[in-house]
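>>> here is a sequence together with a model predicted from it:
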Amino acid sequence: MTRRTVLVGGATAMGLAMLGKSASAQSFTKPIEIVVGQPPGGGTDTYARAIASALTPFLDGQAAVVVNRPGGNAVLAIESVMSSRPDGYTLSMTSGGTAVIKRIWDGNGPDIATDMRPVATIGMYASCVVVRKDSPHQNINSWIEEVKASQRPVLWGHTGRGSIHHIAGQALLSEYGLPTRDVPFQGAPDARNALVNGEVEFAVFGTQNLTGFEEQVRTIGILSTDRDPFVEGGKTIIEQGVRAPLFFTPIILHAPKDTPDDVIAKLENAVRQATESEEYKKLTGTAALVVYFRSADETQSWTKTATEEWRPVIEQVKQQNAG
């Protein structure tokens with residue numbers, strides 16, 4: 001698998017034929033807005049700008065414009081789209097795993113499974129266990145054994161309590177009963193810097209945050225079923241015989257829940273074609289972001305399943321932090 005390998009999952013040929021037929025009922029006559037709940041420059045924003053740049057040829061020649069509306073852990077952005085006209089001209093770019101976790105962790109806020117309609121999944125983030133480059137550990141198993149034998153709690157960093165990387169890391173640690181104490185940081189760069197500076201002994205953050213820092217840190221295990229094509233030699237924990245609940249976050253385009261079927265079909269078809277375009281692959285590849293397509297139905301199925309399967313683990317981690 002090379003650094004330029006792209007993961008693309010899609011619908012069946014029959015499904016695409018039906019999609020194309022229903023899409024003809026809707027045409028777009030003005031630009032659409034993609035609302036992002038984070039400031040410019042982050043991974044979700046980069047995904048949004050990449051898909052916006054690639055969509056025009058497949059959206060009746062209309063432009064797609066990114067609107068950044070940060071605040072409330074992306075809740076403000078999602079709610080603004082929820083209250084917009086359900087005509088397909090206003091969409092949200094959502095970190096699906098983060099949204100599911102926040103709903104369960106906080107007990108309030110939007111439920112993307114019922115309050116929104118998915119258009120498609122366009123990418124995927126995975127968490128990974130990261131050590132300093134000078135660490136003796138080359139795999140997750142030797143690291144687990146050392147932490148397990150530690151006479152004191154081992155300090156580890158993540159991107160904030162209740163974040164997907166916190167939940168992913170704690171799920172692994174709890175599975176093996178490892179003695180640790182977490183140190184939350186405001187995002188992956190701070191957690192990575194703390195690791196490099198020796199403030200923590202390992203960290204958990206997104207694989208995309210390894211790019212450019214290969215001489216300082218390395219992953220010993222990706223917390224996913226699939227490797228990241230941009231992480232050379234990075235093995236999943238599954239490949240290494242380690243079992244733990246897996247948490248990852250698909251990047252999802254959502255529309256208001258009352259958006260008509262023909263509008264969703266038109267958008268889904270346009271997004272599918274855009275994710276297959278060289279333009280999109282180039283823009284995401286430059287930022288080391290994985291391309292991963294799921295249809296609207298597949299995305300909705302994932303959201304419902306993740307909500308059900310993740311809930312007990314998230315509630316357990318929340319209880320551990322409360323104690």
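Thanks, I have it.

>>> from here on, just use CA atoms for contacts and neighbour counts.
OK.

>>> may I see the buried residues of stretch 73-80?
For stretch 73-80, the neighbour count (16 or more other CA atoms under 10 Å) marks 74-80 as buried.

>>> which one of these is nearest D226?
A74 (26.8 Å; CA to CA).

>>> and stretch 180-198, how far out from the chain middle?
19 Å (CA atoms, centre = their mean, to the nearest Å).

>>> hey, where'd the helices end up in the stretch 151-300 of the chain?
For the stretch 151-300 of the chain, the helices defined by DSSP state H, counting those that start in this stretch cover 164-175, 188-196, 261-275, 278-286, 296-322.

>>> Throw these into CSV and include mean neighbour count, thanks.
CSV is the format used below for the helices of the stretch 151-300 of the chain (neighbours: other CA atoms under 10 Å):
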stretch, mean neighbour count
helix 164-175, 23
helix 188-196, 21
helix 261-275, 23
helix 278-286, 17
helix 296-322, 16
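
>>> find the nearest non-adjacent residue to I78, please.
Among residues not flanking I78 along the chain, S92 sits closest, at 6.1 Å (CA to CA, 6 or more residues apart in numbering).

>>> scratch that, A171
P245 (6.1 Å).

>>> count the neighbours of that neighbour for me.
Counted with other CA atoms under 10 Å, residues neighbouring P245 total 17.

>>> the residue nearest to I78 contacts K257, correct?
No: between S92 and K257 there is no contact under CA atoms under 8 Å: 11.8 Å.

>>> okay, those two: which has more neighbours?
S92 (28 against 18).

>>> where in the stretch 1-150 of the chain is pLDDT low?
1-26 (pLDDT under 70).

>>> so which residues of it form strands?
Taking DSSP state E, counting those that start in this stretch as the test, the strands found in the stretch 1-150 of the chain are 32-36, 64-68, 90-95, 116-132.

>>> flag every buried residue along stretch 30-40.
Quick answer for stretch 30-40 (16+ other CA under 10 Å): 31-38, 40.

>>> and what of stretch 244-262?
Applying 16+ other CA under 10 Å to stretch 244-262 flags 244-257, 259, 262 as buried.

>>> I'd like the helices of the stretch 151-300 of the chain as CSV, with mean pLDDT and distance to D87 appended.
Formatted as CSV, the helices of the stretch 151-300 of the chain follow (pLDDT from 0 to 100; distance: least, CA to CA, whole Å):
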stretch, mean pLDDT, distance to D87
helix 164-175, 96, 31
helix 188-196, 97, 36
helix 261-275, 97, 7
helix 278-286, 96, 25
helix 296-322, 93, 16
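
>>> out of those helices, which is closest to K235?
helix 164-175 (15.5 Å).

>>> which strands and helices lie in contact with that closest one?
Applying 3 or more CA pairs under 8 Å, 6 or more residues apart in numbering; DSSP states H and E, one finds that helix 164-175 makes contact with helix 96-106, strand 116-132, strand 202-206, strand 248-256, helix 296-322.

>>> for C128, see how far away the nearest residue to A203 once chain neighbours are set aside is.
Distances taken as CA to CA, 6+ apart put G157 closest to A203, at 4.5 Å, once the chain neighbours are dropped. Taking CA to CA, to the nearest Å as the measure, G157 falls 12 Å from C128.

>>> any common contacting residues for these two?
V204 (CA atoms under 8 Å, 6 or more residues apart in numbering).

>>> many thanks, I have nothing further to ask.
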